[in-house]
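[1] need the 3D shape of this:
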Amino acid sequence: MATKIDKEACREAYNLVRDDATEVNWVTFKYNGSTIVPGDQGVDYETFKRKCTDDVRLFGFVRFTTGDAMSKRVKFALITWIGEDVSGLQRAKTGTDKTLVKEVVQNFAKEFVISDHKELDEDYIRKELKKAGGANYDAQTE
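    All right, here's what the predicted structure looks like:
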């Protein structure tokens, strides 16, 4: 059965993370049967990481504040999580299903496809976003 996405509901969740007036820093998009729907949302990145268990596949849209002493910037990451216990067929479908998510989640600095909990490390994600972020005024001190 072809995967569908609840665009309206997912767009509302996406906009919560993008809105500076809310404290929501992340949302997940999960599978409900063959439909992608908004999942959990929250403020703390560690809570997001706990949603990424070995038996699920999900998409996360996460807000990070990056930058240096001269300039702070908000950057967004699109994280595709595929747990180690997810079947081969579901793993393969996740790649094509991501195109549906990208119809809603259109603004992000970097995209990650992760199956290893170590790669969910916040410092690693921040470092990758900083690389994608352009000018780095801390370079003089490194």
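[2] from now on I want contacts and neighbour counts done on CA atoms only, so please keep to that.
    Will do.
[3] tell me which strands and helices the helix or strand where Ile79 lies is in contact with?
    According to DSSP states H and E, Ile79 maps onto strand 72-82. Strand 72-82 is packed against strand 57-67, helix 88-104, strand 110-114, with contacts defined by 3 or more Cα pairs under 8 Å, 6 or more residues apart in numbering; DSSP states H and E.
[4] angle of the second one against strand 57-67?
    Angle of helix 88-104 versus strand 57-67, following axes from the mean of the first three to the mean of the last three Cα atoms, to 10 degrees, is 50 degrees.
[5] contacts made by helix 88-104 with the rest, please.
    With Cα atoms under 8 Å, 6 or more residues apart in numbering as the test, helix 88-104 has contacts from Thr3, Lys4, Ile5, Lys7, Cys10, Arg11, Tyr14, Ile36, Arg57, Phe59, Thr80, Ile82.
[6] selection in PyMOL covering whichever of these are buried, please.
    Remark: buried members of these, expressed as a PyMOL selection using 16 or more other Cα atoms under 10 Å:
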select buried, resi 4+5+7+10+11+14+36+57+59+80+82
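[7] pLDDT and distance to Thr66 for the contacts of helix 88-104 - can I get that in a markdown table?
    Below are those laid out as a markdown table (pLDDT from 0 to 100; distance: Cα to Cα, whole Å):
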| residue | pLDDT | distance to Thr66 |
| --- | --- | --- |
| Thr3 | 95 | 34 |
| Lys4 | 97 | 33 |
| Ile5 | 97 | 30 |
| Lys7 | 97 | 29 |
| Cys10 | 98 | 25 |
| Arg11 | 98 | 24 |
| Tyr14 | 98 | 19 |
| Ile36 | 98 | 29 |
| Arg57 | 97 | 27 |
| Phe59 | 98 | 21 |
| Thr80 | 98 | 21 |
| Ile82 | 97 | 26 |
